[in-house]
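Asks: sequence? don't have it. structure:
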């Protein structure tokens, strides 16, 4: 069996010295990767200019913060993520595969992606997926671009797991993902070189 070189369902970890400051210490979940390019969501950066109630208001989705407190998944603590610099006005929900709609993209046995308003209503009403990340915007690469960045050692990749994706504090995701690879981040240099 030939092992795929595509990284769909894996995490990309920005290396120290990343030249694009937008991705400094980023952890990106790769939702799609094929010969045409790749698409992923940054999972460790909080959106700074909007919160969940504001998003619901902007989308004209009925939302009662008081009522939501009785839900099994309270919405008070929902963090909106900056998924990347592309189409920042567009929302994506990366979530556990216990919730599936007709338009849901199943990425793995445990992770799916949905980009409809219906899932936001379901989350607000406590009918949504058990675990989720709401991201505004995404990160994209054209044909061969991600492979080129990988060959320049801009990124490392590792398997994703639900704990790291959905249940780890934002500021701990990058160091924990690096530790998963056996890398002590205190020993990493921000300078690249040739031996």
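Replies: On my side now, so go ahead. Because the structure is a prediction, the values reported are computed rather than measured.
Asks: in this structure, which helix is the longest?
Replies: Counting residues, the longest helix found in the chain (DSSP state H) is helix 170-180.
Asks: how far does that one sit from its chain's centre?
Replies: Chain-centre distance of helix 170-180: 13 Å, with CA atoms, centre = their mean, to the nearest Å.
Asks: show residues contacting it.
Replies: With contact meaning CB atoms under 8 Å, 6 or more residues apart in numbering, helix 170-180 is reached by 11, 13-14, 25-27, 43-46, 79, 156, 158-159, 164, 168, 185, 188. Placement of C-beta: from N, CA and C, glycine included.
Asks: please apply the same query to stretch 143-162.
Replies: Here stretch 143-162 has contacts from 5, 7, 9-15, 18-19, 29-30, 33, 35-38, 96, 108, 110-111, 131, 141, 177-178, 180-181, 183, 192, using CB under 8 Å, 6+ apart.
Asks: buried ones only from those, please, as a PyMOL command.
Replies: Here is the PyMOL selection string for the buried members of those, based on 16 or more other CB atoms under 10 Å:
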select buried, resi 7+9+10+11+12+13+14+15+18+29+30+33+38+96+110+111+131+141+177+178+183
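Asks: among the contacts of stretch 143-162, which lie within strands?
Replies: Residues of these located in strands (DSSP state E): 10-14, 29-30, 33, 37-38, 96, 111, 141.
Asks: ok, so of those, who is nearest residue 63?
Replies: residue 96 (21.8 Å; CB to CB).
Asks: picking up where we left off before, just the contacts of helix 170-180: which are in helices?
Replies: Per DSSP H, the subset of these in helices is residue 164.
Asks: and the contacts of helix 170-180, which are buried?
Replies: Buried, going by 16+ other CB under 10 Å: 11, 13, 14, 25, 26, 27, 43, 44, 45, 158, 164, 168, out of those.
Asks: surely the third one touches residue 40?
Replies: No: applying CB atoms under 8 Å as the test, residue 14 and residue 40 come out as separate, 11.8 Å apart.
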